[in-house]
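*Asks:* kindly generate the corresponding structure for this input.
(5 chains, ligands or ions: 4)
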Amino acid sequence: MAQPILETRGLTIQFGAHVAVNGVDFTVAPQTFTSIIGPNGAGKTTFFNLLSGQLRPTGGTVAMNGRDITGLAVHERTRLGIGRSFQITNVFPNLTVLENVRMAAQAVGGGSFRLFSHYKKFKHYEEKARYLLAKVHLDGKSEQIAKNLSHGDKRKLEIAILLALEPKMLLLDEPTAGMSLEEVPAIIEVIRGLKESGEHTILLIEHKIDMVLDLSDQLAVLFNGRLLAHGTPEEIMSNELVQTAYLGGLYDDAVTG
Amino acid sequence: MSLTLNLLLNGVALGSLIFLIAVGLSLIFGLMGVLNFAHGAVFAWGAYVGLAVYNATGSFLLGILAGTVAGIVIGWIMERLFVRPFYGNHVAQILLTLGLMIILTEGIKMVWGPNLLGFDKPAALTGVVDILSDPFPIYRIFTIGIGLLVLIGVHLLLTRTRYGIIIRAGVQDPEMVQALGINVRRVFSLVFAFGAGLAAFGGVVAGPSFGSLNPDLGMANQLNAFIVIVIGGIGNFPGAALGSLLIGIVQTFMAYYLPDVAMAISVAMMAIVLIWKPEGILGVRR
Amino acid sequence: MTLLRVEGLQTYIDQFHILQGVSLAVEPGRVTVILGRNGAGKTTTLRSIMGLTPPREGRVVYDGKEIQGLPPHAIARLGIGYVPEDQGIFKDLTVEENMKIAIRKLDAATQERQEFVLDLFPDLKIAWKRKGGNLSGGQKQMLSMARAFVNDNKLLLIDEPSKGLAPIVVEKVMEAIMELKKRTTIVLVEQNFLMASGVGDDVYILDDGHTVYQGTMAEIRGDEDLKKKYLGIAI
Amino acid sequence: MRAKLFNNNLWLGFVLVALCLVPFVSSSKFLLTMLISVFLMAVYSMSYDLLLGYTGIVSFGHTIFFGLGAYSVGILLSKTKQPNLIWAAILIAVVGAAVIALIIGFLSLRVKDVYFSMITLAFAQLFFIISEKWSSFTGGGDGIAYVRVPTFFNDRVKFYFIALAFLAVMYLFLRRVVNSPFGRTLQAIRENEQRVESLGYNVLRYKLASLMISGCVAAMAGGLWTVLQKYVNTNVFAMDRTIDALLMTIVGGVGTLFGPIVGAGVITFAHEWLSSLSTQYPFLERWLLFFGILYIVIVMFFPKGILGTIRDKWRYKGGSRHAASDSKRRESVL
Amino acid sequence: KETASTTDSNGGGSKEPIKIGVVTSKSGALEGYGTQELNGLKLGIEYATGGTNKVEGRDVQLIIEDDGGKPDDGIKKARKLLEEDNVDILQGSASSSVAAAIAPLAEEYKKIYMIDPAAADDLTGKNFNKYIFRTGRNSSQDSLTGGKYAVENLGKTFVALAPDSVFGKSSNAAWKGTIEKAGGKIAEEEYVPADTQDFTPYLQKAIQSKADVLLISWAGSGGAALFKQIAELKVAEKMKVTTGIPDIAGIKAMGDGAAGLQGMTAYYYGLPKNKENDWLVEHHQKDFNAPPDLFTAGGFTAGIAIVEGIKKAHSTDGDKLVTALEGMTVHGAKGDYTFRKEDHQAIQPMYIVKLEKKDGFDYLVPTLIKEMSPEDTAPPITNSK
Ligand SMILES: Nc1ncnc2c1ncn2[C@@H]1O[C@H](COP(=O)(O)OP(=O)(O)OP(=O)(O)O)[C@@H](O)[C@H]1O
Ligand SMILES: Nc1ncnc2c1ncn2[C@@H]1O[C@H](COP(=O)(O)OP(=O)(O)OP(=O)(O)O)[C@@H](O)[C@H]1O
Ligand SMILES: [Mg+2]
Ligand SMILES: [Mg+2]
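*Replies:* Ligands and ions are numbered 1, 2, ... in the order given. This is a model prediction of the structure:
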């Protein structure tokens, strides 16, 4: 295997007495698609927060491309190419949908510290934003104030913002939760497109098992803050604990099928 | 009595006075998040009404009662007519409460004139007792006692009833509180009025300590109230008490030993505390 | 007798005409599912019933009484529980306090129900002293449901409960709904068709602020065309 | 589309021309003085709007910068008795303001919301106390009188045009800033700070820059204020002065840039008018009362300030952006 | 409002009214003082014009503006008076800062600025210009009055207690000079934060110092608490206490505990025995339903001085008035006030009094111990001009 793009060693975070992420050693190879599953409260989102810098670990390290990034701030990690979407929608509520995405485009495009040039001069940011909004089926709503979007539409906006950042490494936290049945496939297609472009490494947290199985090269299972298993979808799905404690009866078909 | 002990006692007494102003604000600002610049003016109204009734009836107790009621009424009206639509909107609150502050202060001048009014201690609380052979004013012991009573009372109210959590929840998401079947507006009105009542109560109790009242009394004391709440941790009631005590004691010692910097000490302490621990001493990080 | 009848709801938010004539009839003891794509107006419908975005026109008749125009807290006190789509967790309050604020009357029956929900969602017991804002996404969802289930409600309005829940928990929620159905009536907004079809009795489909379909779950389950037409899925 | 109504150049040109005509229409020196003070306060409030309306931070210490400007000019000119050092004094003020903004910003900008407000309040109080205590240098409460200014400024009409030009230039400058990519970033910070961070922006740097720009502009306004008054005392560091900026900005409309100009005009003239009337009509004797009522009326009927509320009414058709004065962030990261 | 023309209205012969522009505190912390002085001013003009309100055949018109105690507002208002209303004379203010800010305008527009009751020495010192005249006493006159008397009658060693402010420091400095000149000594200076509510430790420190006299300079609202605590701690049994006696409201606020307190005062309506004061007391009672107060006398005298000055100069021209007023003696509420040639400060009688309980008064009445002559209390000349 090539040098892992991301590697954690003994990654741990403790809140009071509760150890939410517990000694996780985890590696991700470049240009792969890994899904993280696990019961509610297993520490998946917390794990993402440690990778993207929202939280500082109480123990262990995070390395990207061999470089230790444990001490870096959120924005520095983003600049290194880690982009994430949030499980609970996290947008600019009082800006328009377009401006939300434009801000992200500007973040990677540079020029943000120019005090005097008019923002309209940076037309290409706006074009890029429009293009991405079309991709997530929000093109009709680009002038709406973000907080007025319905829940599902906010999720799409979240994804468009992430795409605008052009991250090398994407952390997707339940991107399709609350999205309508009809539109989930389109978003899956967008994600699949990213995967197939071969330029991105993707980590996905999802409870929709069929989607996970459909997309992933690798599956990792978090249980109670510990990395329980890491392997191919087939290996993981046959794990008994995953069966009984996570999937329950509903997905019997999905696994055997 | 050693000087240190004397200073310490005085510090506690001063802290207790600050606390009496801060306690209502700690509900209105600390819990409900209303930047209430009219709080000091309500405090002053309490003191003036209390003084008027005390002078008319000769009963300090009636004065306290009347002052407190005045505060409750003012608070109720303020909340009902003005503050209500602007919860969570600090910018509007600033303008609104500054306006109310001006109106209330001018109101005092209209009713009682712009000049000083003397506020005598009730006879029973006048004089000094000897603590370790040095004199210590009885009234100061009284304020310490009152401060303690209020601390315990309000603490019980907030922890033993649902009011504390309803307010905290209501500030964050009033809609959801309503959807849970609670008339959040009424609770807010009540708490606001209660906070104002506490301020007014504090005003009457503090009056004799000041010795005299002037219409701008509120403004002068309000800053300290904000400071102790921030130092203790916004929304943290015991924190406000701790902050008051701390500021009271430090201010007393500084005023004695280093009067040159005493003026700056409370704001400087606030700055230091915030830089060192932004959420306040007892506050929790959000 | 119909427990909740919604007739011709017209709801505006600011000057936007969001609901343009939504009608529902909710029969007691049944689970009524509202389906529709993002932005169809499902959430707004529930909010209009709760009085959170009062309708400008139309009637909401609950238990024989017109309740449109009542403030939300009065509506809630009539025995209507609401699980909002954004969970509505008070982030500065602990789980315990979040439960405490929800409980309308502390009696033996409530105690019993509290035990029931805590058994249903044991995670909450573990996180009992944690701040609501620190919960995981799924835990928030559980807490939000627990708050609604703990009271003696005659009607529950639940907005996308399965969102963010592990499959096994979804299953438990479904079981719980079947259990709750025995004593309460439920209106459910759901995007997870598996779940919706598992528990639903009656179905309404909304689109663009209108009711576009009304029928039973059995009909939908068997009718691929219907599913394609309104839900864009083929399962 | 964005606030076309007020930031439209044609419209602004018209206002500018109208203001240019004032000295030719009226010979009242007093009116000119009033307008000069409106212009200076307008610049001061606009600088505040950059913080409050665009970056979303409520500073209770803005007067620090105004005071620095006022004192630089006052002290330098009166100590040296060299009126022509005015530009040097303003330069010193601007550099000083930038440095102080940097220091205060570093210490306090990491702290959020009301806590930030309270730290800045503390700093302002410290400046006030220092200027009181160091009265040999600052003149203390009695102040420095007889500040000598270049004779040029003694001609009220010339001063009027300088002040007007100053306002116009500062307005254009700040408008450019808020519309630049930098300004856009500030507005995003106002809306959701940690989200901006996770987009890869170094939020602290942007906030610092905004505080510095705002401080420098305020310092210039303060410097010219001393030129107008020929007097400076500790009042320039008093809480009242910050409240002035706050009021003018809020009254005019937070986050509109043109609003503070309107606010400065309304407050200055209302203040003058009410206090003048008070000495003529006994029932207006307590004129401050009516001033207080004015605030309340504005909040109740123009919740987003005069311009902000009017602009909102216009914009609804376009369905465009929102400059909510105070966005409550309910969403958390997790 | 009509825009005033810029034409010169100084011509003495015209029948235009004489306009006196007053800038003082009608709101803010010093409102009470401003009002006292204004009432005095009105009565002074009435008195000096024999009730006609006419001088040299011209009406005297008062235009009053409120400065709220803020220099910035004071400047604005003074400008308005000078430029808009074309006043001939400026008068005010309750705040020394405001007066200092207005002083340069008087010079710029060459108009007399009759200061009262602002007391800062600098106004007739560092901040002096030739158009400034002051009927009010300045801080040095206060300390000269009290200091000399105290050393001669109360004791030789002093503890000076003052607020920790510019006022407190300069006041103490003035007292120190006088006391030392008179052969006394300030053993200890205590500066107390101006917002102090609790003076016990300072008072105890003072008692422990074993000095003869506790000398208090206090301005502002804390004073009442201070004197109540002095009474409560029975300081007066251990040492003498002296201070500047405040206005009636201030005395009232001190409470009965202050009985026996000796100190200096610039005016109390019961002290002067002359026809001007009798007239003032009578008319003040009639017009305002209260006796005149601490600062009414200065305003009253300012009114008289303005009228007498114009009569003497036959003009309202600033420079002519300066010549007329310089060295002039005015018969005011306290007797003779003389504007010194050098700094235009009016030297005037001052009083040493004792607070005593009297029937029919709900406050302690200042009763005369000694009247000091204008020369006895003449302050040093500190302006460089
Ligand atoms: N700041 C915190 N303080 C205390 N406990 C926390 C904090 N943040 C998270 N936790 C706890 O850590 C655990 C892991 O939470 P996390 O959000 O990572 O779960 P998750 O795996 O993403 O679950 P879900 O699938 O429900 O989103 C939960 O039990 C949560 O209550
Ligand atoms: N405050 C508002 N201002 C303007 N439009 C709004 C506002 N709130 C909601 N809307 C619009 O109303 C429509 C209905 O929203 P609603 O939240 O009811 O949809 P929904 O069916 O629940 O969608 P989802 O499945 O995504 O949750 C949406 O198009 C939304 O953009
Ligand atoms: Mg999660
Ligand atoms: Mg919805």
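*Asks:* residue of the stretch 151-300 of chain E nearest ligand 2, please.
*Replies:* E:Asp195 (48.5 Å; C-beta to the nearest ligand atom). Every C-beta, even on glycine, is put in place using the N, C-alpha and C of the backbone.
*Asks:* my guess is that residue contacts B:Ala220, does it?
*Replies:* Yes: E:Asp195 lies in contact with B:Ala220 (C-beta atoms under 8 Å); the separation is 6.2 Å.
*Asks:* check contacts around the residue of the stretch 151-300 of chain E closest to ligand 2.
*Replies:* B:220, B:263, E:222 (C-beta atoms under 8 Å, 6 or more residues apart in numbering or on different chains).
*Asks:* next, format those residues as CSV and append neighbour count, distance to ligand 4 and pLDDT.
*Replies:* Listed next are those as CSV, based on neighbours: other C-beta atoms under 10 Å in any protein chain shown; distance: C-beta to the ion, whole Å; pLDDT from 0 to 100:
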residue, neighbour count, distance to ligand 4, pLDDT
B:Ala220, 17, 52, 79
B:Met263, 23, 56, 76
E:Gly222, 23, 61, 71
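*Asks:* tell me which of the residues you listed is nearest to E:Leu271?
*Replies:* Set against E:Leu271, the nearest of these by C-beta to C-beta is E:Gly222 (26.1 Å).
*Asks:* contact partners for the closest one?
*Replies:* B:210-211, E:163, E:194-197.
*Asks:* so which of those are also by ligand 1?
*Replies:* Contacts with ligand 1 within the contacts of E:Gly222, counted by C-beta under 6 Å from any ligand atom: none were found.
*Asks:* for the residue of chain E found nearest ligand 1, give me phi and psi.
*Replies:* Closest approach between chain E and ligand 1, counting by C-beta to the nearest ligand atom: E:Asp195, at 42.0 Å. The phi/psi pair for E:Asp195 (degrees, to the nearest 10) reads phi -100, psi 20.
*Asks:* any weak-confidence spans in chain C?
*Replies:* C:230-235 (pLDDT under 70).
*Asks:* and it, what are its domains?
*Replies:* As assigned by the TED database, chain C contains the domains C:1-79+C:156-234, C:86-152.
*Asks:* which residue ranges form the helices in chain C?
*Replies:* C:42-50, C:72-77, C:95-102, C:108-120, C:122-126, C:137-149, C:167-180, C:193-199, C:217-222, C:224-226 (DSSP state H).
*Asks:* briefly note if stretch C:27-37 comes near chain A.
*Replies:* Yes: using C-beta under 8 Å from any C-beta of the partner chain, stretch C:27-37 reaches chain A at C:36-37.
*Asks:* which parts of that stretch are buried?
*Replies:* Buried residues in stretch C:27-37, defined by neighbour count with 16 or more other C-beta atoms under 10 Å in any protein chain shown: C:30-37.
*Asks:* next: stretch A:59-76.
*Replies:* A:60, A:62-64, A:69, A:72, A:74-75.
*Asks:* and the helices in the stretch 1-150 of chain A?
*Replies:* Taking DSSP state H, counting those that start in this stretch as the criterion, the stretch 1-150 of chain A carries its helices at A:44-52, A:74-80, A:97-109, A:123-135.
*Asks:* redo the buried residues of stretch A:59-76 as CSV? Include pLDDT and distance to E:Lys252.
*Replies:* Shown next, in CSV, are the buried residues of stretch A:59-76 (pLDDT from 0 to 100; distance: C-beta to C-beta, whole Å):
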residue, pLDDT, distance to E:Lys252
A:Gly60, 94, 73
A:Val62, 95, 73
A:Ala63, 95, 78
A:Met64, 93, 76
A:Ile69, 94, 72
A:Leu72, 94, 68
A:Val74, 92, 63
A:His75, 92, 64
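*Asks:* from those, pick the one nearest chain B.
*Replies:* A:Val74 (16.6 Å; C-beta to the nearest C-beta).
*Asks:* report how many residues lie close to E:Leu321.
*Replies:* Neighbour count for E:Leu321, taken as other C-beta atoms under 10 Å in any protein chain shown: 24.
*Asks:* tell me if stretch D:206-220 is near chain B.
*Replies:* No: taking C-beta under 8 Å from any C-beta as the criterion, stretch D:206-220 and chain B are apart, separated by no less than 14.7 Å.
*Asks:* which residue packs closest to residue 27, ignoring adjacent ones?
*Replies:* Answering for chain A, as no chain was given. In this structure, A:Thr27 finds its nearest non-sequential neighbour in A:Pro4, 4.1 Å apart by C-beta to C-beta, 6 or more residues apart in numbering or on different chains.
*Asks:* wait, I meant chain E there
*Replies:* E:Gly68 (4.9 Å).
*Asks:* phi, psi for that neighbour please.
*Replies:* Main-chain torsions, E:Gly68, degrees, to the nearest 10: phi 60, psi 10.
*Asks:* can you give me every residue that contacts the nearest residue to C:Glu219 once chain neighbours are set aside?
*Replies:* Spatial nearest neighbour of C:Glu219, chain neighbours left out: C:Leu226 (7.1 Å); criterion: C-beta to C-beta, 6+ apart. Counting by C-beta under 8 Å, 6+ apart, C:Leu226 touches C:213, C:215, C:219-220.
*Asks:* can you show me the strands along chain B?
*Replies:* All strands of chain B, identified by DSSP state E, fall at B:117-118, B:128-131, B:134-137, B:212-213.
*Asks:* which SSE is immediately downstream of the biggest helix by length in chain D?
*Replies:* For chain D, the longest helix by residue count, based on DSSP H, is helix D:203-229. Toward the C-terminus, helix D:203-229 is succeeded by helix D:239-252 as the next helix or strand (DSSP states H and E).
*Asks:* and that following helix, what's buried?
*Replies:* Buried residues in helix D:239-252, counted by 16+ other C-beta under 10 Å: D:239, D:241-252.
*Asks:* with adjacent residues omitted, what lies nearest to A:Ile5?
*Replies:* A:Pro30 (4.3 Å).
*Asks:* so which residue of chain C comes closest to chain E?
*Replies:* C:Asp92 (34.8 Å).
*Asks:* if we look just around chain D, which residues of chain C are in range?
*Replies:* Going by C-beta under 8 Å from any C-beta, the residues of chain C near chain D are C:14-15, C:86, C:91, C:133-137.
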